[in-house]
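Asks: no sequence for this one, just the structure:
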Ligand code: SF4
């Protein structure tokens, strides 16, 4: 039997063919007819069947403990969900709805995301629902909203083959979005005039392929983009007609970028004036300019500013809404975009409606048949765990994510989980460190074991069929959430089919900028994938937004925003912690390795985490290649071996974020070190700038 589905790892959203044998085992290959990957798969995708066929780590039955001094024991689904409903009701009665929260995932399907939000915001009466997507793209959401009036990725992968200039910044797609990067490589191989600029403190594989690598100091991105903007304006390499007709606030932007000289910018960023000008000349001469970014911009205390200052470069060059050009934020997770559509964050409402807008709250409440939606913004990811630690939040329901390893400041997360009155973990695998803190564990169905939809980085919605049965008593997440909602006494959660949930969501989009009201499971199954909006009957989807140059702001003009973070944090370094730690991902692992960590061949690239350190810094710290190194921050300690390499800039060190206690030891966990500082608007944590000290570890 053969099924077509979508890869469950990154936001590229590659099409996969799944062959199921009589033994219920599966085998995956790339779907050669899929518009995203045309048959290609990266190392993670092509090994997905090993993850599915190895069920040894799976959570098979609900488990519960009656008190923290007792071990968890197997219970029935009825007992598990009755207890959950009883505890949630009692906590809400005593402490109010804001004393409970849900923490979900960009790996959840759109239907799951929708139901979790409907349950929390519509019925529990709190906006305390956030997602691990907060950790990867919330700064991009704010950047788009501030610039275009709404969270809207304007372009498609198909624009790659039409572009002649790529600015890849704060991203290493060669490792983290490999199939997308393969399309860029192929395009350049076939068209040598295509230019690639990479901005990154590390010499990554993406940087090694580029025509120009600007190895900036972490935290100085805004200064660099503004310096490029200044040079483009000076040299007249801007689109004045576009600026005059379709944008606002250009003169304020011009004043801002001229307030720092290119010479000063060069010094602050650690990039030569010559290279800044070279990058600007390439961008200014291009006919199709695409900027691409990911966590390097978003995961920062100035993440919003980094986003808007990069988007400003597309505006001054008029490179929006035309073939082969536009800004393109890459989503890390397979359905981070779907989560954004259904309002899957503490400050959002479904279908891109605004929680702060009274009329929008009324419309959503009316649609769900509830009296009101609370106007109080919910707790965001880091705020939620801070509130658990302080005792303000009493109960948390964690679905499909492993915050013990992925959130910043792991020791604080441990304290928060210990202090919580009630923790529910709904997941597929005991390999998640978070499970060990659960009072109630609910076994969820995994990829191929349930149906639903996802949306990739280019707004492409795909249908994922159920191909195999989940093991033991595991159930699809929507079924678990709807069952719980009904036990809480809420109406509006008795769906017969998952398609009914999709149809409900789709009808909510009618008339909005993300209208998919003419899309349903039948069309997705029969006709394949669609890019939203799909606003009419027989509409084939929308590859590119803003072709009419009408943006979603009240004036229909795109807006130049003025990034205020025009300072270099390097100047503020604490002398006790003189190095900047930046964390990130490696090629063959995914998130906290609960799935990729099961595949032996994916460990041949990196079997253990290593610290990248520049030879000059290694010499100063008396560290040789392979030495065990102790890295300390104000929050904790990590001990890993050193990799001495000039791939990393002097003064900066790099550590991968994947490893947790279950897989190695908690001394390998990068987030022991990171802090919970967040961007004030997007509330995205800064994983790219932690001050650390480094020394050779000598066992006493
Ligand atoms: Fe899966 Fe992303 Fe690799 Fe494609 S690029 S196969 S979506 S992990």
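Replies: It's in. Because the structure is a prediction, the values reported are computed rather than measured. Numbers count the residues shown, from 1 in each chain.

Asks: what's the longest helix in the chain?
Replies: helix 77-95 (DSSP state H).

Asks: buried sites along that one?
Replies: If you call a residue buried by 16 or more other CB atoms under 10 Å, then helix 77-95 has these buried ones: 77, 80, 81, 83, 84, 85, 87, 88, 91, 92, 95. C-beta here means a position set from N, CA and C on the backbone, and glycine is covered the same way.

Asks: what helices and strands are in contact with that helix?
Replies: With contacts defined as 3 or more CB pairs under 8 Å, 6 or more residues apart in numbering; DSSP states H and E, the packing partners of helix 77-95 are strand 63-64, strand 100-104, strand 395-399, strand 422-427, strand 440-443, helix 477-487.

Asks: any chance of the ones you listed in TSV, with mean pLDDT and distance to the ligand too?
Replies: Shown next, in TSV, are the helices and strands packed on helix 77-95 (pLDDT from 0 to 100; distance: least, CB to the nearest ligand atom, whole Å):
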stretch	mean pLDDT	distance to the ligand
strand 63-64	98	31
strand 100-104	98	20
strand 395-399	98	21
strand 422-427	98	20
strand 440-443	98	25
helix 477-487	98	20
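
Asks: looking at those, spot the one closest to residue 284.
Replies: Residue 284 lies closest to strand 100-104 among these, at 42.7 Å (CB to CB).

Asks: what does the longest helix of the chain rub up against?
Replies: Helix 77-95 is contacted from outside by 62, 64, 75, 99-100, 124-125, 394-395, 397, 421-422, 424, 440, 442, 473, 475, 480, 483-484, 487-488, using CB atoms under 8 Å, 6 or more residues apart in numbering.

Asks: weed out the non-buried ones from those.
Replies: Listed as buried from the contacts of helix 77-95 are 62, 64, 75, 99-100, 124-125, 394-395, 397, 421-422, 424, 440, 442, 475, 480, 483-484, 487-488; burial here means 16+ other CB under 10 Å.

Asks: number of residues surrounding the closest residue to residue 553 other than its chain neighbours?
Replies: Ranked by CB to CB, 6 or more residues apart in numbering and with sequence neighbours excluded, the top spatial neighbour of residue 553 is residue 149, at 3.6 Å. Residue 149: 19 surrounding residues under other CB atoms under 10 Å.

Asks: what of residue 402?
Replies: Number of residues near residue 402 (other CB under 10 Å) recorded here: 24.

Asks: ok, it - contacts?
Replies: 427, 432, 433, 434, 591, 592, 594, 660.

Asks: switch to 6 Å and redo it
Replies: 432, 434, 592 (CB atoms under 6 Å, 6 or more residues apart in numbering).

Asks: list just the nearest of the residues you listed to the ligand.
Replies: Distance to the ligand, by CB to the nearest ligand atom, is smallest for residue 592 among these, at 15.3 Å.

Asks: if I look at the residue nearest to residue 553, how far off is residue 166?
Replies: Per CB to CB, to the nearest Å, residue 149 is found 26 Å from residue 166.

Asks: can you check residue 622 too?
Replies: As judged by CB to CB, residue 622 and residue 166 stand 40 Å apart.

Asks: who has more neighbours, these two?
Replies: Comparing residue 622 with residue 166 by neighbour count (other CB under 10 Å), the higher total belongs to residue 166, at 29 against 9.

Asks: so what pairs up with that one in the strands?
Replies: Note on residue 166: beta-bridge partners by DSSP bridges are residue 196, residue 290.

Asks: pretty sure it sits against residue 197.
Replies: No - contact between residue 166 and residue 197 fails when scored by CB atoms under 6 Å: they sit 7.0 Å apart.

Asks: find the closest residue to the ligand in the stretch 551-700 of the chain.
Replies: At 7.1 Å from the ligand, residue 590 is the closest residue in the stretch 551-700 of the chain, using CB to the nearest ligand atom.

Asks: so what pLDDT did the nearest residue to that residue once chain neighbours are set aside get?
Replies: Nearest residue to residue 590 in three dimensions, chain neighbours excluded: residue 596, at 4.4 Å (CB to CB, 6+ apart). In the prediction, the pLDDT value recorded for residue 596 is 91.

Asks: who are the neighbours in contact with residue 596?
Replies: By CB under 6 Å, 6+ apart, the residues touching residue 596 are 44, 589, 590, 602.

Asks: which two among those residues are spaced furthest apart?
Replies: Using CB to CB, the contacts of residue 596 span at most 8.7 Å, a distance reached by 590 and 602.

Asks: can you name the residues of the stretch 1-150 of the chain sitting close to the ligand?
Replies: With CB under 6 Å from any ligand atom as the criterion, the stretch 1-150 of the chain meets the ligand at residues 7, 9, 10, 12, 13, 14, 37, 41, 42, 44, 45.

Asks: and the fourth one, how many residues sit next to it?
Replies: Spelled out, it's residue 12. 28.

Asks: again, but for the third one
Replies: Applying other CB under 10 Å, we find 28 other residues in the vicinity of residue 10.

Asks: pLDDT score assigned to it?
Replies: 95.

Asks: quick one: secondary structure of it?
Replies: Three-state call for residue 10 (DSSP: H, G, I helix; E, B strand; the rest coil): coil.

Asks: which parts of the protein belong to which domain?
Replies: With domains defined by automatic domain parsing, the chain comprises 2-53, 63-127+335-455+460-531, 138-333, 573-696.

Asks: residue 552: which of those is closest?
Replies: domain 138-333 (3.3 Å).

Asks: quick one: mean pLDDT over the closest one.
Replies: Domain 138-333 comes out with an average pLDDT of 97.

Asks: quick check: which element contains the closest residue to the ligand within the chain?
Replies: Of all residues in the chain, residue 45 sits closest to the ligand, at 2.4 Å by CB to the nearest ligand atom. Element membership for residue 45 (DSSP states H and E) is helix 43-46.

Asks: burial count for the nearest residue to residue 638 once chain neighbours are set aside?
Replies: With sequence-adjacent residues excluded and distances taken as CB to CB, 6+ apart, residue 638 is closest to residue 631, at 4.7 Å. The burial count assigned to residue 631 is 27, neighbours taken as other CB under 10 Å.

Asks: state the distance from residue 631 to residue 691.
Replies: Residue 631 is 11 Å from residue 691, where distance means CB to CB.

Asks: next one: residue 172
Replies: From residue 172 across to residue 691, the span is 23 Å (CB to CB).

Asks: what of residue 479?
Replies: Noted for residue 479: a distance of 46 Å to residue 691, by CB to CB.

Asks: more neighbours: these two, which one.
Replies: Taking other CB under 10 Å, residue 479 and residue 691 do not tie; residue 691 has more neighbours (20 against 17).

Asks: now name the helix or strand holding the residue nearest to that one when sequence neighbours are not counted.
Replies: Leaving aside its sequence neighbours, residue 691 sits nearest to residue 577 (CB to CB, 6+ apart; 3.7 Å). Assigned by DSSP H and E, residue 577 belongs to neither a helix nor a strand.

Asks: ok, now residue 143?
Replies: helix 138-148.

Asks: show me what from this protein comes close to the ligand.
Replies: 7, 9-10, 12-14, 37, 41-42, 44-45, 177-179.

Asks: mind giving me the PyMOL select for those residues, buried ones only?
Replies: Of these, the buried ones go into a single PyMOL selection, burial set by 16+ other CB under 10 Å:
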select buried, resi 7+9+10+12+13+14+37+41+42+44+45+177+178+179
